[in-house]
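Asks: I would like the atomic coordinates for the input below:
(chains A and B)
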Amino acid sequence: MIDIKLQDISRIYETPSGPVTAVDGANLAIEPGEFFFLLGPSGCGKTTLLRIVAGLVTPSAGLVFFGGQDVTELGVEHRGTAMVFQNYALWPHMTVRQNVEFGPRMQGLDRATRRRLAQENLSLVEMSGMEARKPNQLSGGQQQRVALARALAARPRCLLLDEPLSNLDARLRLHMRGELRRLVKSSGATGIYVTHDQKEALSMADRMAVMNAGRIVQVGGPEEVYNRPASRFVADFLGEANFIDGRVIGGGRVETPAATLMILPENGPPPGANVTCCVRPERIGIFPAAAAPRDPSAASVPAVVENHTYLGELRQYACRLAGTVWKVSVLADRGAAIPPGTPVVLRVAPRDVAVLVGD
Amino acid sequence: MSRSTKSNWPPRWTAGLTARPAALSIEAVILAFLIAFLVVPVLLAIARGFLEGGRFSLYWFATTMTDRVVVRQMTNSVALATLTTAASLVIALPPALLRARCSFRGQGVLGMLLLVPMILPPFVGAISMRRLFSQFGAVNLLLEHVGIVDLAAHRPPDWLGGGLAGVVAMQALHLFPILYLNASAALANVDPAYAQAARNLGAGPWQTFRRVTLPLMRPGLFAGGTIVFIWSLTDVGTPLILGYQDLVPVTIFKELAKSDTSPGIYSLVFVMLSASVTLYVLGKFLFGRSAAADSAKASIASELRKLGPAGTLLAWLLFGAIIGLALLPHAGVVLTAFSARWVNTVVPSEWTMQHLWFVFERSQTVHSILNSLRYAGVSTAVDVAVGAAAAWLIVRTRVAGAGLLDGLTMLPLAVPGLILAAGYVAMTATGALKGIGPRGNPFLILVIAYSVRRLPFVVRGVSAGLQQIPVSLEEAARNLGASKARSMLGVTAPLIAANIVAAGALTFAFAVLEVSDSLILAQRPSYYPITKEIYTQATSGNPDAANIAAALGVLGMVLLGGTLAAASALLGRRLGAIFRA
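Replies: Residues are numbered from 1 along each chain as shown, chains lettered A, B, ... in the order given. The predicted structure follows:
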């Protein structure tokens, strides 16, 4: 269990059409035993950053520290990391057991210990009895488990996971989320997990770094990042978000073309600042204008229903308000939907408004 | 397009030619061609070894197999093939690994130059090897010049080692490109993530290579190795020229040239055929089955290490050394062709164009050139027609027996030229077909021998092209009202034209410089092809004849080099696919 620190890491690739910056000045401090996520769209540099931690990619600039020790120049085989590759990279010419024993073998452990470690970790991922199979005789989900066992059997200081669930079907992926988190946390290793799936990150991470275009744009716990996105990009990337521009007029209020929104004063910028307010669709209350209850503690935004979409557990309204269209999600009960064209009042509580500055 | 939609299709504009009978009849013609000219002759040759007085007998087989000379020759042949394969591997592996792992300036050009040694049959190069490496040859003279060897004091080193070393060197320097191509392809097919996973779990570079990369590329290496092994095992020309003649193929060759071939020789043919077919099958189906091919395609692009100036220099030195060594015989041939006086000097002391002119003045040499062009031209036409049709049937139709067709068109790879020649001798040396036999006018059997042997290259070259063209392109044309023939000619043919032309060029070039069938099947001088003429000149003992043989060799090189360059310009990187096992 070690802490991992990245200091001013950059990676520039020379391509025929000029240099491309894959990672741009990344700084991170990951706690010992933490399950840390790198989240971002494809091409944002998250996999490159993971490979820099593994030592498979050399950074163009910056330093990597494991437990306070500079490992930037340390060869990949001496880092004590173990990676679960996106396509698992199970060696096709070796059996499941040979695959899992590879790490212990490289550590010079004797046969009995190797066998025991392989056995333990295979049973941990519920793959006992499959030792003699070749990887191509396994299903995708089984390969994924073996890849995890192989990484765990090396007893790494740091476990690296590169989109390990992306090749599984949706149902299995959902099931594996909880199990994967349990296995990684119980192994005690510091874990770094790369994904573009925000649901995976929100449901599994201790903390996460959101990346965009090679830069780390926000670091924080799932609820913090979801509820207090640092930028429009983060808000958009993690779920759905509504935006409206406005100006702070003091006293925890933001004047917008649609209505005056209330915000929590403690995170409000000074009066006069131009800001963007961000509200999640599920945090908005929607009431027909004629029947809206009074609620002085929340802002009331007048709007008109444009259309609505039935999503199973939710019903999502598109509402037109001055200058923009907001999405509003409510639990779909058996009651009838508010018909299009109906004037409505949208209720937004101060704590549900994230204020973005200079975005 | 599935068959059911075809049958439902309104036959308005597909009237007349429906696909299935057409495909079946084309397939029947191709199968008949292969059976008549590949299977039957080879079976005839085998049968000769097992018939005594018209009945099955093991007499000849037993007599031959217990002959101590034959046993010694077999041991020698296997030793030669083993050494050649090992030497080829040693030459081919370092550059293949270097190119797979690193990028450096000039790697494309160097990679192409590495294939150049294939453009000369090694027996032609062998002519000059004696000049270069004999006890008083150019190399020792050069070494004396710089003071390493003293020719006067004691016996100078004999580099050719009584012939064996020379044959191994010539064959390996000619054949290593095949292993290089196979190794490169095998490496390219190994997902870089496999090696990275090993490094990540604590394996160093050497352990990663030994435990992961090498096992994963072994099928490719083995398949390439079997080609080299079979080639070396059945090579006639090189040992003949270098005077290392205690080998099975040389014995077969000499015996086939006689008018009354001993049936015992056909027993040897049977043994050689069994060995090569067994190896081919092992290479293709048992060890050749790539484990890597079963798994997902490369998940990540391999990250090539960019070499700095020092590394680039070392890479150039490695490639340069191999290319230089491999082109030494070619250089020797060129020097021999243009030398007027080359006695006890490192390079000729006087130069002349006389040998080259002489080639065009003598009617016999001119005839041999014209014969070769004729044989090669007709065989290329046959190959392109048969090969393209076979490729289309195999890739594009689900005609019954396509698997058999695929297997039969690749079978010539397992049947060495020597064996095929023995088959044609068995078929035509005596009896009703004597007129087209080796002692008659061998035009037909030579053309067919060339065609049959190069057919796999054409089928492969065209198949590679067809596989890259999505069927949907043809379907789109059909969907918009084009007939089957129209969509093939208007859409498919232009897209694979480069493949067809390149495959044709290769077939032509290799036919011109084909050795074993040419040496055996043309017995009358007026029907000699170039290679037989080169061989005749080189072994005539006439002092000038070696120069004329070399001059003919230079012409052959220019021809083959030119067509190969044209083919590679057309096909680019896909050229390699043709030579892969």
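Asks: distance between stretch B:177-189 and the chain's centre?
Replies: Computed by Cα atoms, centre = their mean, to the nearest Å, the chain-centroid distance of stretch B:177-189 equals 16 Å.
Asks: hmm, that stretch touching chain A?
Replies: No - Stretch B:177-189 lies out of reach of chain A by Cβ under 8 Å from any Cβ of the partner chain, never closer than 11.2 Å. Every residue, glycine included, has its C-beta placed from N, CA and C.
Asks: buried ones in that stretch?
Replies: Neighbour counts over stretch B:177-189 (16 or more other Cβ atoms under 10 Å in any protein chain shown) mark B:177-189 as buried.
Asks: out of everything not next to it in sequence, what's closest to whichever residue of the stretch 151-300 of chain A sits closest to chain B?
Replies: Nearest residue of the stretch 151-300 of chain A to chain B: A:Ala154, at 5.1 Å (Cβ to the nearest Cβ). Distances taken as Cβ to Cβ, 6 or more residues apart in numbering or on different chains place A:Gly103 nearest to A:Ala154, at 2.8 Å, with adjacent residues excluded.
Asks: same thing with B:Leu495?
Replies: Leaving aside its chain neighbours, B:Leu495 sits nearest to B:Ile469 (5.1 Å; criterion: Cβ to Cβ, 6+ apart).
Asks: Now for residue 268: which residues touch it?
Replies: If you meant another chain, say so; for now it's chain A. By Cβ atoms under 8 Å, 6 or more residues apart in numbering or on different chains, A:Gly268 lies in contact with A:248, A:252, A:254, A:355.
Asks: meant chain B, my bad for not saying
Replies: Taking Cβ under 8 Å, 6+ apart as the contact definition, B:Leu268 lies against B:49, B:64, B:70, B:248, B:251-252.
Asks: which one of the residues you listed sits closest to A:Arg111?
Replies: Using Cβ to Cβ, B:Val248 comes nearest to A:Arg111 of the contacts of B:Leu268, at 47.1 Å.
Asks: Distance of that closest one relative to chain A?
Replies: Computed with Cβ to the nearest Cβ, to the nearest Å, the distance linking B:Val248 and chain A is 36 Å.
Asks: Can you tell me how far that residue is from B:Gly481?
Replies: Per Cβ to Cβ, to the nearest Å, B:Val248 is found 61 Å from B:Gly481.
Asks: Please apply the same query to A:Arg51.
Replies: Counting by Cβ to Cβ - A:Arg51 and B:Gly481 are separated by 52 Å.
Asks: more crowded one of the two?
Replies: Neighbours were tallied for A:Arg51 and for B:Gly481 using other Cβ atoms under 10 Å in any protein chain shown; the higher tally belongs to A:Arg51 (25 against 10).
Asks: my guess is the more buried one meets A:Val64, correct?
Replies: No - counting by Cβ atoms under 8 Å, A:Arg51 does not reach A:Val64; the two are 11.2 Å apart.
Asks: Now for B:Ala545: which residues touch it?
Replies: Contacts of B:Ala545 were listed using Cβ under 8 Å, 6+ apart, and they are B:537-538.
Asks: For whichever strand or helix holds B:Met217, C-alpha coordinates in CSV please.
Replies: Assignment of secondary structure by DSSP states H and E places B:Met217 within helix B:214-233. What follows is helix B:214-233, C-alpha atoms only, in CSV (Å, rounded to 0.1, in the frame of the first residue of the first chain):
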residue,chain,number,x,y,z
LEU,B,214,8.9,-16.0,-29.0
PRO,B,215,6.2,-18.6,-28.2
LEU,B,216,3.7,-16.3,-29.8
MET,B,217,5.7,-15.9,-33.0
ARG,B,218,6.9,-19.5,-33.2
PRO,B,219,4.1,-20.7,-35.5
GLY,B,220,5.1,-18.0,-38.1
LEU,B,221,8.7,-18.9,-37.7
PHE,B,222,8.1,-22.6,-38.0
ALA,B,223,6.0,-22.1,-41.1
GLY,B,224,8.7,-20.0,-42.7
GLY,B,225,11.3,-22.4,-41.5
THR,B,226,9.6,-25.3,-43.2
ILE,B,227,9.7,-23.5,-46.5
VAL,B,228,13.4,-22.8,-46.2
PHE,B,229,14.1,-26.4,-45.0
ILE,B,230,12.2,-28.0,-47.9
TRP,B,231,13.9,-25.6,-50.4
SER,B,232,17.3,-26.5,-49.1
LEU,B,233,16.6,-30.2,-48.8
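Asks: Tell me the helices and strands packed up against that helix.
Replies: helix B:68-101, helix B:164-189, helix B:263-281, helix B:291-294 (3 or more Cβ pairs under 8 Å, 6 or more residues apart in numbering or on different chains; DSSP states H and E).
Asks: picking that back up, for the residue nearest to A:Ala154, phi and psi?
Replies: Main-chain torsions, A:Gly103, degrees, to the nearest 10: phi -60, psi -50.
Asks: isn't it right up against A:Leu159?
Replies: No - between A:Gly103 and A:Leu159 there is no contact under Cβ under 8 Å: 11.6 Å.
Asks: out of the two, which sits in the more crowded spot?
Replies: A:Gly103 (27 against 24).
Asks: residues touching the more buried one, list them.
Replies: By Cβ under 8 Å, 6+ apart, the contact list for A:Gly103 reads A:82, A:150-151, A:153-156, B:201-202.
Asks: Report how many residues lie close to residue 306.
Replies: I'll assume chain A. Taking other Cβ under 10 Å as the criterion, the count of residues near A:Glu306 is 13.
Asks: that's the wrong chain, I wanted chain B
Replies: Around B:Lys306 sit 12 other residues, with neighbours defined as other Cβ under 10 Å.
Asks: so what's it closest to, chain neighbours aside?
Replies: B:Ser103 (5.3 Å).
Asks: ok, now B:Val378?
Replies: In space, B:Val378 is closest to B:Val447, 4.8 Å off (Cβ to Cβ, 6+ apart).
Asks: So the one you found lies in a helix, does it not?
Replies: Yes - judged by DSSP: H, G, I helix; E, B strand; the rest coil, B:Val447 forms part of a helix.
Asks: Quick check, it in contact with B:Ser379.
Replies: Yes - B:Val447 is within contact range of B:Ser379, at 4.6 Å (criterion: Cβ under 8 Å).
Asks: picking up where we left off before, run through the residues that contact the residue nearest to B:Leu495.
Replies: Neighbour list for B:Ile469: B:492, B:495-496 [criterion: Cβ under 8 Å, 6+ apart].
Asks: same deal with B:Ala389?
Replies: B:26, B:30.
Asks: Report the buried residues of whichever strand or helix holds it.
Replies: For B:Ala389, the host element (DSSP H and E) is helix B:363-396. Within helix B:363-396, the residues that count as buried by 16+ other Cβ under 10 Å are B:365, B:367-369, B:371-373, B:375-376, B:378-380, B:382-384, B:386-396.
Asks: Distance from the chain centre to the following helix or strand past that helix, please.
Replies: Downstream of helix B:363-396, the first helix or strand assigned by DSSP H and E is helix B:402-410. Here the centre of helix B:402-410 is set off from its chain's centre by 20 Å, with Cα atoms, centre = their mean.
Asks: and helix B:402-410, average pLDDT?
Replies: The average pLDDT for helix B:402-410 rounds to 86.
Asks: Which other helices and strands does that helix contact?
Replies: Taking 3+ Cβ pairs under 8 Å, 6+ apart as contact, the helices and strands that helix B:402-410 lies on are helix B:19-34, helix B:363-396, helix B:443-468.
Asks: Give the buried residues for that helix.
Replies: Buried residues in helix B:402-410 (16+ other Cβ under 10 Å): B:402, B:405-406, B:408-410.
Asks: Just give the closest residue to residue 126, not the sequence neighbours.
Replies: All of this refers to chain A. Spatially, and ignoring its direct neighbours in sequence, A:Glu126 is nearest to A:Arg145 (6.8 Å; Cβ to Cβ, 6+ apart).
Asks: Sorry, I should have been clearer: chain B.
Replies: Leaving aside its sequence neighbours, B:Ala126 sits nearest to B:Ile241 (Cβ to Cβ, 6+ apart; 4.0 Å).
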